[in-house]
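Q: what's the 3D shape of this:
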Amino acid sequence: MYLYNILNIKLLLSCLIVPRGTSRQLTRLLEQTLARLCALVLRVPRETSELLGIRRRLQMLLSCLIFGIFYPGLAQAAEITVSHVQLLPNKKGYHLSADFDFNLSPFLQEAINKGLVLHFKAEFELTRSRWYWLDKRVNTRERRYQLNYHALTRKYRISTGSLHQAYDRLEDAVMLLKRLRAWQVIEADLVRPGRRYQASLRFYLDRSLLPRPFQISPLSTNDWVLTTDRVRWQFITSESGDSQ
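A: The predicted structure is shown next:
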């Protein structure tokens, strides 16, 4: 666990972007100060309850120092817009297609190029209204994507389940994330003809799977927040099994 924390902190430091105009001596001094503070955080024992508060304060001080120096102006959370959402029938039931519009910030691009894996998650939910009780959850689906850079092959790779695709350019890999196609989300035996349902979709960068140093409170804002609002729409099956 100690080695794991050291590697994560080194990755965190490598992803820092020093403002233009900063002298080399000052940059070196900042790096040494942050490295010493990281070492101090790691040396505080986890098992000692009396020092637990000190450890947490040091972690907060470290994260505040990083963002106070390198990111004095926090930007608003980036949003992902959703368009062309469709539930289309097939032999198995219904599959989902949608388009996502977003851009990776320079900070996230730099993090990927330095070895950080970004995890994205798509969530689908189908419910049916009930006048006498809470809405009934008919079905839920989720799909995970991993976006990373392989320095050995110099390619960007998108992984979902057992499927992997490699691209020479980051823009091409991100384009695959933006296009959700033929995702089987509803089995035929889960819905009845002529019924009205409520469908919802969400797509976001899953920060919970980032290395622990990136999950410290100040890091959960700014460039790390990339998400959609949950998109909801009405879904009606006709007598023939088509959707409207």
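
Q: how about the strands in this structure?
A: Applying DSSP state E to the chain gives strands spanning 78-79, 81-89, 93-101, 118-128, 136-150, 155-160, 163-167, 179-187, 196-205, 226-227, 231-236.

Q: mean pLDDT lowest for which of the ones you listed?
A: Among the strands of the chain, strand 78-79 carries the lowest mean pLDDT, at a mean of 74.

Q: number of nearby residues for Ala199?
A: If you count neighbours by other CB atoms under 10 Å, Ala199 ends up with 22. Where you see a C-beta, it was placed from the backbone N, CA and C, and this is true even at glycine.

Q: when you give positions from now on, start the count at 13
A: Sure, I'll start counting at 13 from here, so that last one is Ala211.

Q: how much space between the closest residue to it other than its chain neighbours and His131?
A: Nearest residue to Ala211, sequence neighbours excluded (CB to CB, 6 or more residues apart in numbering): Phe247, at 4.6 Å. Distance from Phe247 to His131, counting by CB to CB, to the nearest Å: 28 Å.

Q: please say which of the two ends up with more neighbours.
A: Applying other CB under 10 Å to Phe247 and His131 shows that Phe247 carries more neighbours, namely 20 against 17.

Q: partners of the more buried one in the sheet?
A: Phe247 has these beta-bridge partners by DSSP bridges: Tyr209.

Q: that one is in contact with Arg207, isn't it?
A: No. Judged on CB atoms under 8 Å, Phe247 makes no contact with Arg207 at a distance of 9.1 Å.

Q: got the domain ranges for this protein?
A: What automatic domain parsing lists as the domains of the chain is 14-82, 90-248.

Q: dump the residue contacts of Lys103.
A: Ala200 (CB atoms under 8 Å, 6 or more residues apart in numbering).

Q: pLDDT score for it?
A: For Lys103, the predicted pLDDT is 90.

Q: need the phi and psi values for it.
A: phi -70, psi -30 (degrees, to the nearest 10).
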